[in-house]
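>>> Dropping a prediction and its sequence here:
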Amino acid sequence: MKLYYAPGACSLASHIVAREAGIEIALEKVDTRTKRTEADRDFLAINPKGYVPALELVDGEVLTEGAAILQYLADSKPDAGLAPAHGTLARSRLHEALSYVSSELHKSYTPLFNPATSEEVREERKAYLVKRYSLLDQVLADQPFLLGEDFSVADAYLFTVTQWAGYVSLDLSDFQALDAFQARVRSRPAVQAALQAEGLVPAKAA
């Protein structure tokens, strides 16, 4: 399989999950501005939506949308325990968490990365994000991960989008449980490996 990604973008969550599950994937970086890949392919021919992540499967099919890719990878290696079994309430809780991160957090960051966004809209979006993060901080004050004691694909997604706070000057310093969560996830070997592979942290000296 091949993951089309942009360093630090939401595709990082899929990259993390693949490493957590022990799934070997090839990586191909995408310039989201020019829509060209590092192999000089037209990314729009691969994913007409024009954004990452996109996962090219072994049969040549391409799967898009982060939440779908995260669950596909987890279900490919169920023994890794990254997603609860289908048909359970726990799986519905996973859908709930992924939907919350996608609709309430991920989409709220989008205008903050646009230089044309007005200051008024920026402040409104930041206030909205703080409100939404406050709920997650309460959850994480009582348990280490979004679904409880075990790391799941939802945690990879939350970690990834929360990394963006520093890039858009969003102050989350009041949320101690969230900060501890970020540190907890960042320390995982698979997460460190993904961050290093994308050039987001220095590679460790041999």
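Perfect, thanks for sending it.

>>> Buried residues of stretch 57-65, list them for me.
Within stretch 57-65, the residues that qualify as buried are 63-65, counting by 16 or more other C-beta atoms under 10 Å. Quick note: C-beta positions are derived from backbone N, CA and C, even for glycine.

>>> and what of stretch 119-127?
122, 125-126.

>>> For it, list the C-alpha coordinates in CSV.
The C-alpha coordinates for stretch 119-127 follow below in CSV (Å, rounded to 0.1, in the frame of the first residue of the first chain):
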residue,chain,number,x,y,z
GLU,A,119,-9.1,38.7,12.3
GLU,A,120,-12.7,38.7,13.4
VAL,A,121,-13.2,35.2,11.9
ARG,A,122,-9.9,34.0,13.4
GLU,A,123,-10.8,35.0,16.9
GLU,A,124,-14.3,33.4,16.5
ARG,A,125,-12.7,30.2,15.3
LYS,A,126,-10.2,30.2,18.1
ALA,A,127,-12.9,30.7,20.7
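
>>> by contact count, what packs against the top helix by length along the chain?
The single longest helix within the chain, with elements called by DSSP state H, is helix 119-142. If you count contacts as 3 or more C-beta pairs under 8 Å, 6 or more residues apart in numbering; DSSP states H and E, helix 119-142 packs onto helix 107-109, helix 176-186.

>>> Just want the angle from it to helix 176-186.
80 degrees (axes from the mean of the first three to the mean of the last three C-alpha atoms, to 10 degrees).

>>> Need the contact partners of helix 119-142.
100, 104-105, 108-109, 111-112, 117, 146, 158, 162, 168, 170-172, 175-178, 180-181 (C-beta atoms under 8 Å, 6 or more residues apart in numbering).

>>> Reformat the helices and strands packed on helix 119-142 as JSON lines; add mean pLDDT and distance to residue 17.
Formatted as JSON lines, those follow (pLDDT from 0 to 100; distance: least, C-beta to C-beta, whole Å):
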{"stretch": "helix 107-109", "mean pLDDT": "97", "distance to residue 17": "20"}
{"stretch": "helix 176-186", "mean pLDDT": "98", "distance to residue 17": "12"}
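
>>> Turn those into JSON lines, columns for distance to residue 21.
Output for those, formatted as JSON lines (distance: least, C-beta to C-beta, whole Å):
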{"stretch": "helix 107-109", "distance to residue 21": "26"}
{"stretch": "helix 176-186", "distance to residue 21": "15"}
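
>>> now for these, which one comes closest to residue 26?
For residue 26, the closest of the helices and strands packed on helix 119-142 is helix 176-186, at 24.2 Å, according to C-beta to C-beta.

>>> Check the offset of the closest one from the chain's centre.
The chain centroid and the centroid of helix 176-186 are separated by 15 Å under C-alpha atoms, centre = their mean, to the nearest Å.

>>> and what of stretch 49-64?
With C-alpha atoms, centre = their mean as the basis, stretch 49-64 stands 16 Å off its chain's centre.

>>> any idea how far residue 194 lies from residue 129?
Taking C-beta to C-beta, to the nearest Å as the measure, residue 194 falls 24 Å from residue 129.
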